[in-house]
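A.B. asks: Could you look at this predicted model? Sequence included:
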Amino acid sequence: MSYLKISMKDKFSPPLMKKLQQAGPRAAHAVAVQVESDTEPFVPARTKSFANRTQVVDGSVIYHGPYARYLYNGRVMVFEDPPYLRTVNGKAVLSHYGQKKKPIEKPLKISKAVNPKAQSHWFEASKAQNLKKWERKAGRAIDRELDK
């Protein structure tokens, strides 16, 4: 997954440096909320349940679900090992329980019915369109925090 990193290189006075360190996490959260909002139109969806479970935690946008990784990568995932025999409720069943999946070269068919801009690597698509907006948002958020 890609990340948006904000950094500053300068010599600041100790009081200003302390304020910047305090402002950073709050500004990162404000930017993450904006990123989530701007990125939602690019997220694949058949329903809105995947987008509705998306969370902003501190300065991170988290997409939940067992299929988030394969949706993001846009590749069909298959089990690395063949199924094995295990017992469930006294019955023998073939199972992949606990096994990892790996991507293959077959691309996913991403529906554009809910989000016409839906695609894999949705963060990169959103970043290409919204990076300047996110930079302005970060600047305003830091200014707002420093004015306190």
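C.D. replies: Cool, the structure landed. Numbers count the residues shown, from 1 in each chain.
A.B. asks: how many neighbours does Asp81 have?
C.D. replies: 9 (other Cβ atoms under 10 Å). Where C-beta positions appear, they are placed from N, C-alpha and C, glycine not excepted.
A.B. asks: Can you list phi and psi of it for me?
C.D. replies: phi -120, psi 160 (degrees, to the nearest 10).
A.B. asks: swap in Lys18?
C.D. replies: The phi/psi pair for Lys18 (degrees, to the nearest 10) is phi -60, psi -40.
A.B. asks: what's it in contact with, if anything?
C.D. replies: Contacts for Lys18 were tallied using Cβ atoms under 8 Å, 6 or more residues apart in numbering; there are none.
A.B. asks: What does the pLDDT read for it?
C.D. replies: Looking at Lys18, its pLDDT stands at 75.
A.B. asks: Equivalent analysis for Ser13, please.
C.D. replies: For Ser13, pLDDT reads 68.
A.B. asks: What of Lys48?
C.D. replies: Confidence score, pLDDT, at Lys48: 82.
A.B. asks: Hmm, Ala118 and it touching each other?
C.D. replies: No. Counting by Cβ atoms under 8 Å, Lys48 does not reach Ala118; the two are 11.9 Å apart.
A.B. asks: And those two? Which one has more around it.
C.D. replies: Taking other Cβ under 10 Å, Lys48 and Ala118 do not tie; Ala118 has more neighbours (19 against 12).
A.B. asks: This completes my enquiry, with thanks.
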